[in-house]
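**Student:** Sequence and computational prediction follow.
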Amino acid sequence: MHVLKFGGTSVGSVESIRQVIRIVDSHRQQSNPIAVVLSAMGGVTNQLIEIGRMATNGQLDYMELARRIEDRHFNVIKALIPIKEQSKVFATVRGTINELEDLLRGVSLIRELTPRTMDLIMSFGERLSNLVVAECVKAGGTPATFCDARDLIKTDAQFGHAEVNYTLTTPLVQGYFADLSNSSSPIPFVTGFIGSTEKGETTTLGRGGSDYTASILGAALNAEVIDIWTDVDGMMTADPRKVPNAFNIPTITYAEAMELSHFGAKVIYPPSLQPAFARNIPIRVLNTFNADHPGTLVSRTAERRQYTITGISSIDDVALVNVQGSGMIGVAGVSAKLFGVLAAHRISVILISQASSEHSICFAIDPKGADRVKAILDAEFAVDIDHGHIDNISIERDLSIIATVGEGMRKSSGIAGKLFSVLGKNGVNIVAVAQGSSEINISVVITKNNLSKALNALHNVFFQSEARVLNVFLVGTGLIGQTLLRQIHAQDAYLRQEKLLKICVVGLANTKKMVLDPKGLNLEQWQDAQQIDGVTTSLEAFVEKIKSYNLPNSVFIDCTSDKDIVQHYESLLDANISVVTPNKVANSGSYAEYRRLQRTALNRGVKFLYETNVGAGLPIINTLQGLLTSGDRFLKIEAILSGTLSYIFNSFAPGSKFVDVVREAKEKGYTEPDPRDDLSGQDVARKILILAREAGFELEPSDVTVETLLPPACLAAPTIPAFFDSLEAENGYFEKLLSDASDRGEKLRMIATFENGKAVIGLRGVGPEHPFYQLTGADNIISFTTERYKERPLVIKGPGAGAEVTASGVFADMVSIGSYLG
Ligand SMILES: NC(=O)C1=CN([C@@H]2O[C@H](COP(=O)(O)OP(=O)(O)OC[C@H]3O[C@@H](n4cnc5c(N)ncnc54)[C@H](OP(=O)(O)O)[C@@H]3O)[C@@H](O)[C@H]2O)C=CC1
Ligand SMILES: N[C@@H](CC=O)C(=O)O
Ligand code: NA
């Protein structure tokens, strides 16, 4: 026997019913006999409930709604049954609707709607859908018969959620199907959701009722398989409306399905499938509208999986009740009393957590009942509260529960660690935790506003064949910023495939316009988006947006040289947003500010990265941090730290004009946005200060001595154009510097030195014997003398400025955050 159950959407329209008939027909070709269970046409059950309510209130237009239900079924008949055979079926439907109308008339007269009558009213949905579809199938030439499950499924009299009496039901089901197979073997279309008492009163089976019917039939007939046809491709790793990366779960165990469904994965309601589980009958969850998709197979065992967890589920809105007090410690019976009270009041508890100190118990409930629960507990524990054994009972609202579920978690270490670490790095506070000893479900209670972020962050780390998403916000779309965007775009496919990382640029800003889209901007047209969709930039508004989006794995990148923007770093880090920047301003201000940023990042478990502050993409800061972390001590740093000045002194030759060489350096992208910063020595001063700090020294900007190479007239230039004019006017001065040096057989180098706690920068002539003599292009060279590198210093050399190398350094910092957060 093969049981096929179709839900309300599957029988919701003429087109979908056509598809149901196709599926039924294709299964009929197979050797197994089949039984079909249908729900009511989509929406009809709710309409019936509404009709019942209207009739009780004496609203006569309930008749109008009943007609609409009739019309929907008539339309199916008209579309799927040949005209000459229609009248008989119309008459049967009309007769059934008449019965409903008589019943409603009675309700409207006595103005009372008991649960018993409600069940009877609701039963019309399944009775009509099965009746009509069975006739459509017959009209297509396939033998079919309508089966009213009230004749087979016997229940107690708990109307609304009746309990099945298997002792009576199983033989009735078996007998019916035995008779059927003795006849011409028509396909039975069995009404889902309904049953009847021994006295013949109509009952309904509660949530997941039609699945329950399929499961009862499958268990009684020892079916080979039960198909639950829905409108989605089986069960998913998470709710796809909340987690866009969610994907289909091919196989899942009964226990996992139970755990996931309990936490709101609404595709099926596994408790209703319990009878089939108990008999080890496999269940397939399939999509009527994508019938070739294999869906999800729910059975006792699941195939070996790539991932430790199977799915992530959530309950969006819960309240947490906290009962605590010193009187609870070591006193037996407090929890018995607590949960006894809850049970007596039929209050369903979603999650319980108690620490071993026994000082407090908290449990999650539906927030709608929270006030009532508090009132009940206040009353029940009034004496304990009065005596101070129990503190006041508190309720926390606006919370959600996330459950990570999977058989693979059993006996496997590190899952909880990963879960807490990811939530921690994303600034998601955990209010309560629960893990059953079955170890297949770890549930955490978090604040509701973090639900989407937490679900996506967890899905990202636990299902790593899906690329992890890094959400990037970039301020500064000048030379470095746009080179970075180009590099990100060019590397997109590589990062996804090889690093399982997707960089999603969510926001962009320059001084004029800012544009944000939480789904990610198209990097082929970011300029257009900024121009057309952008609004006037406000850094405050940009930062507020970043925080309010509350996306997982967020990174803020500052590619400006602005001073104001760095004021936002701390609050961003504090909101668990990592910061990456080539901008040296933050790290070269006061030492206190530098330390504050470091500490905030550390405390928040996020990253503040600035490798490109010194030597652009050259691995200088990382190397230095590595030495310091491993216990080395710095004795001396000697370096050429300006790409611009290197280029200038390597290119300035007799016959050329100094100002032209500076212009070339600017055109090549080596200079700061304001080249006076390079020429004055300010840029180098910032870099040596940062290096000294990274080497563990507490230096202030005033501790750096700068011997500038510029004559006073250039230093005094009030604007960039005036500065270039002054360089031109002072050409003789620069020529003399050059000729004096070459007369001595030397080259000019701006050298920064840090030794004995002092940083000095100055223009020096170096001869061929000096290691800095051979430097070419815009190269930087940094020589670290340390306890371990004392005889021969550790030297790093290479291009220290330029758009590509700088942007790639920022890129590397950004990607390393992706790995860290993942
Ligand atoms: N060039 C190099 O080799 C290296 C550069 N760096 C650093 O990289 C950073 C960027 O340099 P670069 O790209 O050359 O500079 P650019 O002048 O080309 O670009 C700066 C960008 O920042 C934007 N910007 C400035 N202030 C603000 C603000 N308050 N709000 C919003 N946007 C702002 C500018 O906007 P708009 O477009 O509207 O003007 C522009 O888009 C600098 O800090 C520099 O020190 C570090 C290492 C090497
Ligand atoms: N303007 C800087 C760029 C890197 O920080 C330089 O010339 O070195
Ligand atoms: Na660097």
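**Tutor:** Okay, I see it. Ligands and ions are numbered 1, 2, ... in the order given.
**Student:** State the distance from residue 32 to residue 214.
**Tutor:** To residue 214, residue 32 is 15 Å away according to CB to CB, to the nearest Å. (Glycine included, C-beta is placed from N, CA and C.)
**Student:** Could you pull out the buried residues of the lengthiest helix in the chain?
**Tutor:** If you go by DSSP state H, the chain has its longest helix at helix 83-110. Across helix 83-110, burial judged by 16 or more other CB atoms under 10 Å covers 86, 89, 92, 93, 96, 97, 100, 101, 103, 104, 107, 108.
**Student:** Helices along the stretch 151-300 of the chain, start to end?
**Tutor:** For the stretch 151-300 of the chain, applying DSSP state H, counting those that start in this stretch gives helices covering 166-182, 209-221, 254-262, 274-278.
**Student:** Redo those helices as TSV? Include distance to ligand 2 and mean pLDDT.
**Tutor:** Formatted as TSV, those follow (distance: least, CB to the nearest ligand atom, whole Å; pLDDT from 0 to 100):
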stretch	distance to ligand 2	mean pLDDT
helix 166-182	78	94
helix 209-221	64	95
helix 254-262	52	83
helix 274-278	65	91
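**Student:** OK, contacts around the closest residue to ligand 2 within the stretch 1-150 of the chain?
**Tutor:** Per CB to the nearest ligand atom, residue 9 is where the stretch 1-150 of the chain lies closest to ligand 2, at 60.0 Å. Neighbouring residues of residue 9 by CB atoms under 8 Å, 6 or more residues apart in numbering: 16, 42, 230, 231, 288.
**Student:** Give the full set of residues in contact with the last one.
**Tutor:** Think residue 288. Contact analysis of residue 288 by CB under 8 Å, 6+ apart lists 6, 9, 10, 16, 19, 20, 23, 229, 230, 231.
**Student:** Name the single longest strand found in this protein.
**Tutor:** strand 311-324 (DSSP state E).
**Student:** Tell me where the model's unsure across the stretch 451-600 of the chain.
**Tutor:** Within the stretch 451-600 of the chain, the ranges that satisfy pLDDT under 70 run 465-466.
**Student:** could you show me where the strands are in it, in order?
**Tutor:** Ranges of strands in the stretch 451-600 of the chain, per DSSP state E, counting those that start in this stretch, are 468-475, 501-509, 513-516, 535-536, 554-558, 578-580.
**Student:** name the helices or strands packed onto the fifth one?
**Tutor:** I take that to be strand 554-558. With contacts taken as 3 or more CB pairs under 8 Å, 6 or more residues apart in numbering; DSSP states H and E, strand 554-558 sits against strand 468-475, helix 539-549, helix 569-574, strand 578-580, helix 803-821.
**Student:** hmm, try it at 7 Å
**Tutor:** Secondary-structure packing of strand 554-558 (3 or more CB pairs under 7 Å, 6 or more residues apart in numbering; DSSP states H and E): strand 468-475, strand 578-580, helix 803-821.
**Student:** okay, these in TSV with distance to ligand 2 next?
**Tutor:** Converted to TSV, these look like this (distance: least, CB to the nearest ligand atom, whole Å):
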stretch	distance to ligand 2
strand 468-475	18
strand 578-580	15
helix 803-821	7
